[in-house]
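Enquirer: next come a sequence and a model predicted from it.
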Amino acid sequence: QATEFSLYVGDEILVGKVGLYGLLGVYMLKPRFSSAPIFTKWGVNYYVYSLPSKDSISFFLGLSVKTHYFVAQYLETSVGVTF
């Protein structure tokens, strides 16, 4: 009952080391407690460090909010790597 499956499309715009992103998604397998079939996620990533030998590998810190019809569901922090 707690499993979610969704498809989404999104994009990120880089301004220096800061990435602003948004995505729009739809639940394909919707749990009972979900309020709406469509969601959006908006956020910002700060790219802390890129490997000197490979610019495509970067480490980042992020902050985002997930919403259902512009009603916030949760605020999320993240740490990650892109490659």
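Expert: That came through, no problem. Numbers count the residues shown, from 1 in each chain.
Enquirer: show me where this structure has its strands.
Expert: 5-15, 18-29, 38-50, 58-68, 71-82 (DSSP state E).
Enquirer: could those strands be laid out in a markdown table, adding mean neighbour count and mean pLDDT?
Expert: C-beta: built from backbone N, CA, C; applies to glycine. Below are those laid out as a markdown table (neighbours: other C-beta atoms under 10 Å; pLDDT from 0 to 100):
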| stretch | mean neighbour count | mean pLDDT |
| --- | --- | --- |
| strand 5-15 | 11 | 94 |
| strand 18-29 | 14 | 93 |
| strand 38-50 | 16 | 94 |
| strand 58-68 | 15 | 95 |
| strand 71-82 | 10 | 93 |
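Enquirer: nearest residue to the middle of the protein?
Expert: Nearest to the geometric centre of the chain sits residue 41, at 5.8 Å (C-alpha atoms, centre = their mean).
Enquirer: any idea how far it lies from residue 57?
Expert: Applying C-beta to C-beta, to the nearest Å, the value for residue 41 to residue 57 is 24 Å.
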